[in-house]
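# mind folding the following:
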Amino acid sequence: MKNLFYLSALFMSVFMFTSCEKDDAIADHNHDHDHDHDHELLGCTDPEATNYNSVANVDDGSCVYGDIEGCMDMNALNYDQYATIDDGSCILAPSTYMFERDGMTSVAFGGQTCRLQMAKDIYDAMNSENGASVPEFLNMFDNGQGFDFMYSCGKNIGSKTAASSSASSTVKSQFDDMFTVLVDEVYPNWTSNASTGVAGQITTSSGSTYQVNGKGLEIDQAFIKGLMGAMVVDQMTNNYLTPTKLDGDGTTNDISLIEAGDNYTDMEHYWDEGFGYLYGYNNEHVGGSDNNANGPAEGTGVLVNKYLKKLNDTTHPGIANTIYDAFIMGRTAIIAQDYDLRDEQASIIKVNVDKIIAQKAYDYLSGGAATIESGAPREDAFHGLSEGYGFVLSLQFTDLFSNGEVNSMLDQMMEGDGFWTISADDLNSMASTIQTVAGL
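I've put the predicted structure just below:
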C-alpha cells in the first residue's frame, strides 16, 4: 500500500512539472509573438523591386518594378525617395517671395498696397492743421475717397479695421471718435500752448513741437499705431493666415477652379494678401521708390514694417528673416499641398508679429516712465506715450491680451488728466506686465 502511495505521488510530481513547463513554453511563445507583432515594419521586401525597403519585415504589396518618375531633389518639399527618373515636379522654396505659374507671376496683393498707402495719407492729413473735416476724414477712412491722389482700387480702411471674427465690435468706433477729437479739440488750438486739460501745442526740451488733446495724447499717433493691430495684424494673422480662411470650403487650392484673368488659387491669394499687409507698402503711385516687398526689412511707410526693421536692427536681430522666410515657405507649402507645414509657418509669423507689437508697447511705456523719473519736463514724455497708447490698443489683436485687458490699460493711461499726471510707477507696472506676458 505504501509503495502504491509513493508511485502515485511520483506520477503527480512528474505530471505537474511537465504541465508547468508546457504552460511556460506557451507563455514564452505568446510573448515572443506579441513582441514580433509590435515590431512589424510594412514595406516592399523584394530586393528586386525598385522601391525595396531593407528595413521592412512585412510585405505590404507596394513593390514597384522598373523606373519610377518623381522629384529627386532632396531639398524639395515633394522629394520622392524611390524616384529613379526626375520628372521636373520638384517644389522648392525660392529665395524671395516670387512665385509663377505658366511663366507669369501668381502673386497679387494690390488691395493691401492701396490700403497701406491710404493709411499714410490719412496720417499725413491728421498731422496738418485743419487737414480735413470729420466728414472728409470718414470719407477717406470708410469709403476710400477724397484723397489728393485719386485711388482707383475701390478699397478702404474702415471695413478692414477690427474686422476679423475675433475682434471686438467696439474698436471701430474708437477710431471714428479720434477724428472728432482731432477736429473739434485739437485743430482749433493748433498753435496755442497746451496745458493740463487744455488741448494745443507742446514744445519739448529739445525744441520739437506736437499737437495734443487735453490729456496730452497725440491723436495722430494713437490712430496710426492703433492701426498696426486693428488693421495690419488683425487682417494678416487673425484672418488671411488662419486655416478657416485658407481652407474655406475645401476647394480653395483647386487649380482647375482658377478664374479667368487670375493666375492663382484662392488659397494662394489669401496667403499673398496676408503677406501684403506686412510688405505691400510702396509709394510708387506718387513717383517714389520705396517698396517694402523688395526685401525682409525695408522699413518704409508708417505701419508694422517700419517697426519690424527697428526691432531687427536692435533688440531682435534676425526677426525679419524669420518672418519673411516663413511667408516664403508657407506659400511654397500651399503649392505642395502640405497644409501642416503651411500652418506651422503661419504660427511662426503670428508669434513674431505679436512680438513686434508687444516690444514697442513695452519700449514706449517704459521709456515714458524713465523720462518722468529723470525729472525732465513732463511734456518730453508725451510723444512716446502717445505712440505707446496706440501700440497698447493694438495688443488686443495679438494672442497676448484681450480687449478687456487692453481697455483697462488704456483707461489707466487716460485716467484723470492723462499724461499730465500719470505716474512712472503706473507706467512701469503696465510695461512689466506686457514684458512678462510676451516673454520679452
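
# for Lys355, give me its contacts.
Under the criterion of C-beta atoms under 8 Å, 6 or more residues apart in numbering, the contact list for Lys355 reads Leu311, His316, Ile319, Ala438, Leu440. Bear in mind the C-beta positions are built from the backbone N, C-alpha and C, glycine included.

# for this structure, which spans come out with low pLDDT?
For the chain, the stretches with pLDDT under 70 are 1-38.

# let me know the secondary structure of the spatially most central residue of it.
Central residue of the chain (C-alpha atoms, centre = their mean): Lys350, 2.6 Å from the mean position. Look at Lys350: counting by DSSP: H, G, I helix; E, B strand; the rest coil, its state is helix.

# can you give me the strands in the stretch 101-250 of the chain?
Using DSSP state E, counting those that start in this stretch, the strands of the stretch 101-250 of the chain run over 104-105, 200-203, 209-212.

# which one of the ones you listed lies closest to Tyr187?
Relative to Tyr187, the nearest member of the strands of the stretch 101-250 of the chain by C-beta to C-beta is strand 209-212, separated by 8.4 Å.

# for the closest one, buried residues please.
Going by neighbour count (16 or more other C-beta atoms under 10 Å), the buried part of strand 209-212 is Tyr210, Gln211, Val212.

# do the same with stretch 391-408
Along stretch 391-408, the positions that meet the burial threshold by neighbour count (16+ other C-beta under 10 Å) are 391-398, 400-401, 403, 406-407.

# neighbouring contacts of it?
Taking contacts as C-beta under 8 Å, 6+ apart, the residues outside stretch 391-408 that touch it are 162, 164, 167-168, 170-171, 174, 222, 225-230, 233-234, 238, 350, 353-354, 357-358, 360-361, 364-365, 409-410, 413, 430, 434, 437-438.

# stretch 267-274 now?
Applying C-beta under 8 Å, 6+ apart, the contact partners of stretch 267-274 are 99, 106-109, 111-112, 235-237, 239-241, 245-248, 252-253, 262, 264, 327, 330-331, 334-335, 342, 349.

# just those: which are in helices?
111-112, 235, 245-247, 327, 330-331, 334-335, 342, 349 (DSSP state H).

# what's the most distant pair in those residues?
Set against one another by C-beta to C-beta, those have their most distant pair in Gln235 and Ile335, with a gap of 22.8 Å.

# those two: who's more crowded?
When Gln235 and Ile335 are compared for neighbours, Gln235 comes out ahead with 24 against 21, by other C-beta atoms under 10 Å.

# okay, helices next: where are they in this structure?
For the chain, the helices defined by DSSP H cover 2-38, 110-126, 134-138, 171-181, 219-227, 234-235, 243-247, 266-279, 304-313, 319-335, 339-373, 382-394, 403-414, 424-438.

# by how many degrees do the second one and helix 304-313 diverge?
With axes from the mean of the first three to the mean of the last three C-alpha atoms, to 10 degrees as the criterion, the two stretches helix 110-126 and helix 304-313 enclose an angle of 90 degrees.

# what's across from the nearest residue to Asp60 once chain neighbours are set aside in the sheet?
With C-beta to C-beta, 6 or more residues apart in numbering as the criterion, Asp60 has its nearest non-adjacent residue at 4.1 Å, and that residue is Leu42. Per DSSP bridges, the residues bridged to Leu42 are Val58.

# Leu42: how many residues sit nearby?
13.

# check contacts around it.
Under the criterion of C-beta under 8 Å, 6+ apart, the neighbours of Leu42 are Ala56, Val58, Asp59, Asp60.

# please repeat the previous calculation with a cut-off of 7 Å.
Contacts here follow C-beta atoms under 7 Å, 6 or more residues apart in numbering; on that basis Leu42 touches Ala56, Val58, Asp60.

# nearest to Gln81, of these?
Nearest to Gln81 among the contacts of Leu42 is Ala56, at 13.4 Å by C-beta to C-beta.

# I'd guessed Gln412 sits against Asp426; true?
Yes - here Gln412 reaches Asp426: they are 6.3 Å apart, a contact under C-beta atoms under 7 Å.

# how about Phe419: what's its closest non-neighbour residue?
Nearest residue to Phe419, sequence neighbours excluded (C-beta to C-beta, 6+ apart): Gly216, at 3.2 Å.

# burial count for the one you found?
Burial measure for Gly216: 29 neighbouring residues, criterion other C-beta under 10 Å.

# swap in Glu387?
23.

# ditto for Phe149
Phe149 is surrounded by 10 other residues when neighbours are defined as other C-beta under 10 Å.

# correct me if wrong: it contacts His285.
Yes - assessed by C-beta under 7 Å, Phe149 is found in contact with His285 at 6.3 Å.

# which residues are in contact with each of those two?
Shared between the contact lists of Phe149 and His285 (criterion: C-beta under 7 Å, 6+ apart) there are no residues.

# contact partners for Tyr65?
Listed by C-beta under 7 Å, 6+ apart, the contact partners of Tyr65 are Ala49, Thr50.

# separation between the closest residue to Tyr270 other than its chain neighbours and Lys355?
In space, not counting the residues next to it along the chain, Tyr270 is nearest to Tyr240; the distance is 4.9 Å by C-beta to C-beta, 6+ apart. Spatial separation of Tyr240 from Lys355 under the definition C-beta to C-beta, to the nearest Å is 19 Å.

# ok, now Asp363?
With distances defined as C-beta to C-beta, the gap from Asp363 to Lys355 amounts to 12 Å.

# how many neighbouring residues does the spatially closest residue to Thr242 that is not a sequence neighbour have?
Counting by C-beta to C-beta, 6+ apart, the nearest residue to Thr242 once its immediate chain neighbours are dropped is Ala346, at 7.4 Å. Residues lying near Ala346 (other C-beta under 10 Å) number 23.
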